[in-house]
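Colleague: Compute the structure for the input listed below.
(4 chains)
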2 protein chains.
Amino acid sequence: MNQDRQTKKTTIYDLAELAGTSASAVSAVLNGNWRKRRISVQLADKITKIAEEQGYALNMQASLLRRDRSKIIGMIVPKYDNRYFGSIVESFENMARERGLFPIITCTRRDPELEVEAARTMLSYQVEWLISTGATDPDRITDICNAAGAHSLNLDLPGAKAVSVISDNFGGARELTRRVLLSYQRKFGSTSPLLFVGGRGSDHNTIERVRGFRAAHEDLGIAVDERHVLTCGYAPEKAESSLAALAASEGELPRGMFVNSTISLEGVMRWIKTSHHYDNRTPVIGCFDWDPFAALLGGDIEMVRQDVQGMLDAVFEIIDTGSSANKVIQIAPVFMSA
Amino acid sequence: MNQDRQTKKTTIYDLAELAGTSASAVSAVLNGNWRKRRISVQLADKITKIAEEQGYALNMQASLLRRDRSKIIGMIVPKYDNRYFGSIVESFENMARERGLFPIITCTRRDPELEVEAARTMLSYQVEWLISTGATDPDRITDICNAAGAHSLNLDLPGAKAVSVISDNFGGARELTRRVLLSYQRKFGSTSPLLFVGGRGSDHNTIERVRGFRAAHEDLGIAVDERHVLTCGYAPEKAESSLAALAASEGELPRGMFVNSTISLEGVMRWIKTSHHYDNRTPVIGCFDWDPFAALLGGDIEMVRQDVQGMLDAVFEIIDTGSSANKVIQIAPVFMSA
DNA sequence: CAACATTGCTCAATCGATGAAGCAACAATT
DNA sequence: AATTGTTGCTTCATCGATTGAGCAATGTTG
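Modeller: Predicted coordinates:
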């Protein structure tokens, strides 16, 4: 394998020698502004041909060192384990490439130290922008970016020191809760407060969603049961053990739920299946997030899909224009009819 | 926002001036080999302190240009829309970082042109290794890497020109098919050939899985129905319309299925739900891939989980040692009990 | 035909970090 | 006192691409 790899890479100097010309001319031809530099078409063709024959590849490090803009744009993302972050990353890459930017993405597993380390590394690579997606400490990253002369932006979770593009968590949660409460009423003929499961009590999105959850209850004149707000973290296992604990201490759990992410929903559904707590008592569920399989699970699951395209449109508008009037841009999520 | 960003970035020359020393000393201190270069502890401390105060960040482009190794490792990946690729990417990042390598990943959406363009771009960034995951034309990428003096490796789908680490598709499919056939027999008291749905007839994995599918049928003395091998592509919509077409032309479809990926399964489940074809006739299904929600769908879904950790262990063993005896390394997938 | 413009290129400095080579200053050894 | 060794730095060339300045060789104009 790989036995025919060259030891040394071809540079513009090698090409210049082969073409009997100067490195300067080669550079001009290969980076496209040879017209401006008055290189003849003949020489340009010759150089292009030789470059292709030699399999020449630009050394971006050398090029970037000399140029003023790197055109590199970084993103940190917590996980790759759900559709939401997956489609954020995929769209981000496409939109960056469309603009001639080179995207680099790093997964930081909700680890504050890793986030900072990743940010520093990206800055070493001269990123012009750094998008912190769902970061645990976005302001720290903004500070680091500012110190290094790079732009920064928060996505999904807001920070105080940079523009933030987030879902309308309050509005979305309020509407989702309202729908589940009404569906409950329609189905079971009575009203009842819902169970809230998943997310961290300290994170902005969860706080806002709980607020929307409460607002919807209040709208319909239903009192929230405080013991039933389980902000136990996002991991499936957390949701699972949290439900198990509550069921152990309370007996029967409500037949209506607000689940704070598909990740938590994973644990909820697993618990429902293994505990048999809801056998023959199928609950109505609202989930703040969307997954194609979860949508097919049957029963009564209503999902809100965060508007990834809308959020990234907002992100790139800021990047394209260089600034934004608002500090926090809220994008309304989309309701999927199950 | 961002009003306090500096115009110029701090360099080692700035630090040298502030510390009243030379850039060379600053460089030695900051990259850690100041002991070897006989810099005094006092000066090292002083420089470190000033660097921190100034928020100095190394210019990786300049550093890389000078150094022999870039320690950058690239991966191209088809999509971020399922657990398989998601966990490949996440593990890849972790394992690369553990080794002091800088991972860059690009999603190429199964587009051959994008794959090539992405490979070229990564080579410009001086990647030492390029891992082609599920690439449509891995050999082309290997050629490009060879020409540029970079190592390459195939993951998930094999190529002829570089070492390939893939799942044992034949073995896995054979065992999965066997299980589904037996489950069919147990459940319905008779035997019947299964339906094969999803994947591309031209890709290696699909070919091997169809081969395993046939072998398992043969093992049990069941004849495969050739019209029931639907290698219609991976996209959910393809699976959906393919099933609809078959049902339209054939009437009742078999109650046993082999689905070639969770992506295709998404279409299959949607069709089952919307068409009502299988209402009160729940089929037994085997899926070559795993998804937590799909696993909870109920009914009889058996899933094989590809051994991502095992595959990446093999990948990094090659990277660590620099070579491999085998051209194709097959990793057995793991059977999940539903 | 002199003066000037245009064409088609080359030269050389530059980006920031790195490290081999070298050089003072002082210490240790003969 | 002369030699050798050690410490603690600095100088400078270098990596490969870019670009302003400059320079011959032509072409054009009055």
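
Colleague: So which other helices or strands are in contact with the helix or strand bottoming out on mean pLDDT in chain A?
Modeller: Within chain A, no helix or strand scores below strand A:334-336, which has a mean of 88 by mean pLDDT, DSSP states H and E. Here strand A:334-336 touches helix A:169-188, strand A:300-305, going by 3 or more Cβ pairs under 8 Å, 6 or more residues apart in numbering or on different chains; DSSP states H and E. To be clear about C-beta, it is placed using only N, CA and C from the backbone, and glycine gets the same treatment.

Colleague: just the strands in the stretch 101-250 of chain A please.
Modeller: Ranges of strands in the stretch 101-250 of chain A, per DSSP state E, counting those that start in this stretch, are A:102-107, A:129-133, A:151-155, A:164-167, A:195-197, A:199-200, A:229-230, A:232-233.

Colleague: For burial, what's the neighbour tally of the residue in the stretch 151-300 of chain A positioned nearest to DNA strand C?
Modeller: In the stretch 151-300 of chain A, the residue that lies nearest DNA strand C is residue A:151 (17.9 Å; Cβ to the nearest atom of the strand). When neighbours are defined as other Cβ atoms under 10 Å in any protein chain shown, residue A:151 has 22 of them.

Colleague: Check the gap between the closest residue to it other than its chain neighbours and DNA strand D for me.
Modeller: If the residues on either side of it in the chain are set aside, residue A:151 comes closest to residue A:129, at 4.6 Å by Cβ to Cβ, 6 or more residues apart in numbering or on different chains. Noted for residue A:129: a distance of 21 Å to DNA strand D, by Cβ to the nearest atom of the strand, to the nearest Å.

Colleague: Also residue A:57?
Modeller: 7 Å.

Colleague: Tell me how many other residues crowd that residue.
Modeller: So residue A:57, with other Cβ under 10 Å, has 23 neighbours.

Colleague: Would you agree it is in contact with residue B:148?
Modeller: Yes. Between residue A:57 and residue B:148 there is a contact at 4.8 Å, judged by Cβ atoms under 8 Å.

Colleague: anything in contact with each of those two?
Modeller: By the contact definition Cβ atoms under 8 Å, 6 or more residues apart in numbering or on different chains, residue A:57 and residue B:148 are jointly contacted by A:9, B:123.

Colleague: Which one of the residues in the stretch 101-250 of chain A is closest to DNA strand D?
Modeller: The minimum distance from the stretch 101-250 of chain A to DNA strand D, using Cβ to the nearest atom of the strand, falls at residue A:126 (13.1 Å).

Colleague: That residue: what's it in contact with?
Modeller: Shown in contact with residue A:126 (Cβ under 8 Å, 6+ apart): A:64, A:70, A:72, B:59, B:60, B:61.

Colleague: hang on, the earlier thing: pretty sure the residue nearest to residue A:151 contacts residue A:76?
Modeller: No. Checked against Cβ under 8 Å, the pair residue A:129 and residue A:76 is beyond contact range at 11.8 Å.

Colleague: still on that earlier bit, count the neighbours of the residue nearest to residue A:151 for me.
Modeller: 21.

Colleague: The one 4 residues further on now?
Modeller: The local packing of residue A:133 (other Cβ under 10 Å) involves 26 other residues.

Colleague: Bridged to it, which residues?
Modeller: residue A:155 (DSSP bridges).

Colleague: check contacts around it.
Modeller: Residue A:133 makes contact with A:75, A:76, A:77, A:78, A:85, A:88, A:154, A:155, A:156, A:157, according to Cβ under 8 Å, 6+ apart.

Colleague: Against residue A:216, how distant is the last one?
Modeller: Distance from residue A:157 to residue A:216, counting by Cβ to Cβ, to the nearest Å: 22 Å.

Colleague: And these two? Which one has more around it.
Modeller: Taking other Cβ under 10 Å, residue A:157 and residue A:216 do not tie; residue A:216 has more neighbours (24 against 21).

Colleague: picking up where we left off before, now tell me which of the helices and strands packed on strand A:334-336 the model trusts least on average.
Modeller: In terms of average pLDDT, strand A:300-305 trails the rest of those, at a mean of 92.

Colleague: Pairing partners for it, with directions?
Modeller: Take DSSP bridges as the rule and strand A:300-305 pairs in its sheet with strand A:284-288 (parallel), strand A:334-336 (antiparallel).

Colleague: Which secondary structure elements does the helix or strand that that strand is followed by sit against?
Modeller: Using DSSP states H and E, the helix or strand that follows strand A:300-305 in sequence is helix A:308-321. Applying 3+ Cβ pairs under 8 Å, 6+ apart, we find helix A:308-321 packed against helix A:83-98, strand A:151-155, strand A:164-167, strand A:328-331.

Colleague: Report the mean confidence score over helix A:308-321.
Modeller: 97.

Colleague: Return the residues of the stretch 201-338 of chain A in contact with DNA strand D.
Modeller: Counting by Cβ under 7 Å from any atom of the strand, no residue of the stretch 201-338 of chain A lies close to DNA strand D.

Colleague: Please tell me how far the closest residue to chain B within the stretch 201-338 of chain A sits from residue B:291.
Modeller: Of all residues in the stretch 201-338 of chain A, the one sitting closest to chain B is residue A:293 (3.5 Å; Cβ to the nearest Cβ). To residue B:291, residue A:293 is 6 Å away according to Cβ to Cβ.
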